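Colleague: quick one: sequence and predicted model below, then my questions.
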Amino acid sequence: MGKDRLWRRLMELGTVGAQSGGGVTRFSFTAEERWAKDLVIGYMKKAGLAVREDAAGNVIGRREGGDPSAPVVMTGSHLDTVPQGGKFDGALGVLAAIEALQQMNEAGVATRHPIEVAVFTDEEGARFGFGMLGSRAMAGTLRAEDLTAHRDEHGLTIAQAMTQAGLDPARIGEAARRPGEIRAYVELHIEQATVLERHNLPVGVVSGIAGPLWLQFRLRGEAGHAGATPMCGRRDPLAAAARILTHIYDETRNFPNAVATVGKIHAFPGGINVIPGEVAFTLDVRDIDEAARNALESRLLSRAEEICGAHGIDLEVAELQRVAPAPCAPELMAAIEQACRKLGHAPLVLPSGAGHDGMQLVRLCPIGMIFVRSRNGISHSPEEWTSPEDCFAGASVLYHTLLALAEGRA
């Protein structure tokens, strides 16, 4: 396959939205995103693909199959980034897919099933705080009210930004694909962690995408003077919160695939010499097994209530988001494993802790994912890096996986 061509395109695409201080910034429905999509459309056409854009702004490149009416094998990823992100997150999945199909065309390979490369709009959610717009639209789960409920830092809604980009928000439903229209979706993505690096492997087989559960804890006690209030007479919510946080991290270690993160914590009123009267913190819990995640949640909440009761603290927990995990289909994992073995790579199976567009498509079709090694596990950063050799290895695994699916062998 064209290792040099793939790398050249990655580096060229990485100049779109490049920041003077380092990194790449490409938000949805901006000039930078349009420039990136147009560049990729050019790559698709050079690869011999027929290109169209749907009502959500998803760019779709199609390689026809021997049976145009057969369900399509889909692959792809996204081009948008977080602020000052890297060159590989999303982009590698798109460009590796294009390279795989271009190699099929150059080799004169025929397949029964059509293959499509999808460039999904706004996976990251960096602009509006609400991501996976394109994949939600394709899955038919993006609602009209979603387009008006979320705004960027300038006050623009998603609908207004779409209009500015030449799209009609009223037609968003046209982006939805019908059940049975897509045979399978396979996404290649950088790992964004160090599992493959620790095993000295360039690629891996993803077992599933962990679903995030976001909770907001609010503990209310009694504010007081830091010097005048005896320790034995305090109702300090921060003391209770500290015990809860310790339990969160200790308990989560009992669940092999779970992770838990407290990303925000605030004490009110926030004076250096004031016992806080209220403490609020967020909790992000993820697991690829929904039953395990629910069991962990139950244990954490039960212990939090016990701790707050012992401290005389009122506890309130609000659910901010609950997304079901997305297991990868066994038949797609098997196809990826077979492709790994064909190329001499041990087929290491690992979960994805980060979210991806595929988790929105899981009710539409079976999904699979290929991970490619990330140096030091760094992602969403200018330091994000995957070597040319690993990019090529991932693209090669994707090529053989797509070929097996499109020929009907998997």
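Modeller: Great, that's in hand. Numbers count the residues shown, from 1 in each chain.
Colleague: ranges for the helices of the stretch 201-350 of the chain?
Modeller: 237-252, 290-311, 330-342 (DSSP state H, counting those that start in this stretch).
Colleague: S381: which of those is closest?
Modeller: helix 237-252 (24.2 Å; C-beta to C-beta). Yep, even glycine has a C-beta here, placed from its N, CA and C like the rest.
Colleague: what's the angle from the closest one to helix 290-311?
Modeller: 150 degrees (axes from the mean of the first three to the mean of the last three C-alpha atoms, to 10 degrees).
Colleague: which residues touch helix 237-252?
Modeller: 217, 219-221, 258-260, 262, 265, 267, 275-279, 281, 283, 285, 296, 299-300, 303-304, 307-308, 310-311, 313 (C-beta atoms under 8 Å, 6 or more residues apart in numbering).
Colleague: which among those end up buried?
Modeller: The neighbour-count test (16 or more other C-beta atoms under 10 Å) marks 217, 219-221, 258, 260, 267, 275-279, 281, 283, 285, 296, 299-300, 303-304, 307-308, 311, 313 as buried among the contacts of helix 237-252.
Colleague: what's the neighbour count on L10?
Modeller: 20 (other C-beta atoms under 10 Å).
Colleague: which residue is the nearest non-sequential neighbour of it?
Modeller: L95 (5.8 Å; C-beta to C-beta, 6 or more residues apart in numbering).
Colleague: for the one you found, the count of nearby residues, please.
Modeller: Neighbours of L95 (other C-beta under 10 Å): 27.
Colleague: one more: Q216?
Modeller: 14.
Colleague: beta-bridge partners for it, please?
Modeller: Legend: beta-bridge partners of Q216 under DSSP bridges are T282, A318.
Colleague: residue contacts, it?
Modeller: 280-283, 317-320.
Colleague: can you do 7 Å?
Modeller: By C-beta atoms under 7 Å, 6 or more residues apart in numbering, Q216 lies in contact with 280, 282, 318, 320.
Colleague: distance of the residue nearest to L10 relative to R63?
Modeller: Using C-beta to C-beta, to the nearest Å, L95 is found at 15 Å from R63.
Colleague: circling back: restrict the contacts of Q216 to the buried ones and give me that as a ChimeraX selection.
Modeller: The buried residues among the contacts of Q216 can be selected in ChimeraX (16+ other C-beta under 10 Å) with this line:
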select :280,282
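Colleague: still on that earlier bit, with just CA atoms, put the helix or strand hosting the residue nearest to L10 into CSV.
Modeller: If you go by DSSP states H and E, L95 is part of helix 91-107. Only the C-alpha atoms of helix 91-107 are listed here, as CSV (Å, rounded to 0.1, in the frame of the first residue of the first chain):
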residue,chain,number,x,y,z
ALA,A,91,-7.7,12.2,10.3
LEU,A,92,-5.8,8.9,10.2
GLY,A,93,-9.1,6.9,10.1
VAL,A,94,-10.3,8.9,7.1
LEU,A,95,-7.1,8.9,5.1
ALA,A,96,-6.3,5.3,5.8
ALA,A,97,-9.7,4.4,4.5
ILE,A,98,-9.2,6.4,1.4
GLU,A,99,-5.8,4.8,0.9
ALA,A,100,-7.3,1.3,1.3
LEU,A,101,-9.9,1.9,-1.4
GLN,A,102,-7.4,3.6,-3.7
GLN,A,103,-5.2,0.5,-3.5
MET,A,104,-8.2,-1.7,-4.4
ASN,A,105,-8.9,0.4,-7.4
GLU,A,106,-5.3,0.5,-8.5
ALA,A,107,-5.1,-3.3,-8.1
